[in-house]
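Peer 1: Structure here, sequence nowhere to be found:
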């Protein structure tokens, strides 16, 4: 009986919204084009597989002054071409299922320069349930890809200096192609669309 209940609540991947125009929050979805929060009841055709685990408050202006100061300490230096607005744009981009840029963000630097703290802040913003932790090397393992399904953020902290021998896996993961294959150990192989 329990298996039947579990199966009845599953939706095929193609029924979920993978567009780039909306970001789902706990209290509604934000329309990027209209720059407003919409109630879920406004469009019953939209089915999201995730939600940012915070409420979006339209009437509140977020200056994030303390966070901006911390980012200046952590990220911006004389050699860096990164500006604070770029960091906010990157965090906002990770809230969507858009893979149009076909890119990954690598935060590198010497030890003890707050790389992990920044990753923790981003993970908190996006939500643990929407994230997974791995390493670039592990992504090459045929059983690891399945953990990326239904996640909008993959974090890889403290990467080793080892070279990735085959970049095709990374390219597939960041390109939004449905050519990615996930495999359950001792089980099925199935295609999925990474987000």
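Peer 2: Yep, that arrived. Everything numeric in this text was worked out from a predicted model, so none of it was measured. Numbers count the residues shown, from 1 in each chain.
Peer 1: Quick check, residue 133 in contact with residue 156.
Peer 2: Yes. Between residue 133 and residue 156 there is a contact at 7.2 Å, judged by C-beta atoms under 8 Å. All C-beta atoms are positioned from the backbone trio N, CA, C, and that covers glycine.
Peer 1: Please say which of these two ends up with more neighbours.
Peer 2: Per other C-beta atoms under 10 Å, whichever of residue 133 and residue 156 has more neighbours is residue 156, with 17 against 14.
Peer 1: Assumed residue 24 was part of a strand.
Peer 2: Yes. Residue 24: assigned to a strand according to DSSP: H, G, I helix; E, B strand; the rest coil.
Peer 1: Local confidence estimate at it?
Peer 2: At residue 24 the predicted local distance difference test score is 96.
Peer 1: again with residue 76
Peer 2: Reported pLDDT for residue 76: 65.
Peer 1: Residue 1 now?
Peer 2: pLDDT, residue 1: 41.
Peer 1: can you give me the strands for the protein?
Peer 2: 22-25, 28-31, 36-38, 131-133, 153-155, 180-183, 189-192 (DSSP state E).
Peer 1: Out of those, which gets nearest to residue 90?
Peer 2: strand 153-155 (11.0 Å; C-beta to C-beta).
Peer 1: Now do the closest one: which elements does it pack against?
Peer 2: Judged by 3 or more C-beta pairs under 8 Å, 6 or more residues apart in numbering; DSSP states H and E, strand 153-155 is in contact with helix 115-126, strand 131-133.
Peer 1: Name every strand pairing with the last one and say which way it goes.
Peer 2: Paired neighbours of strand 131-133 in the sheet (DSSP bridges): strand 153-155 (parallel).
Peer 1: Contacts made by the strand it pairs with with the rest, please.
Peer 2: Applying C-beta atoms under 8 Å, 6 or more residues apart in numbering, the external contacts of strand 153-155 come out as 94, 119, 122-123, 126, 130-134, 139, 148, 173.
Peer 1: Pull out the buried members of these.
Peer 2: Buried residues within those, counting neighbours by 16 or more other C-beta atoms under 10 Å: 94, 119, 122-123, 126, 130-132, 134, 139, 148, 173.
Peer 1: Take those and lay them out in TSV including distance to residue 61 and pLDDT.
Peer 2: Formatted as TSV, these follow (distance: C-beta to C-beta, whole Å; pLDDT from 0 to 100):
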residue	distance to residue 61	pLDDT
94	22	91
119	26	91
122	21	94
123	24	95
126	21	96
130	25	95
131	27	93
132	32	90
134	36	83
139	39	74
148	35	82
173	35	71
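Peer 1: How much space separates the residue nearest to residue 126 when sequence neighbours are not counted from residue 44?
Peer 2: Spatially, and ignoring its direct neighbours in sequence, residue 126 is nearest to residue 153 (4.7 Å; C-beta to C-beta, 6 or more residues apart in numbering). As judged by C-beta to C-beta, to the nearest Å, residue 153 and residue 44 stand 27 Å apart.
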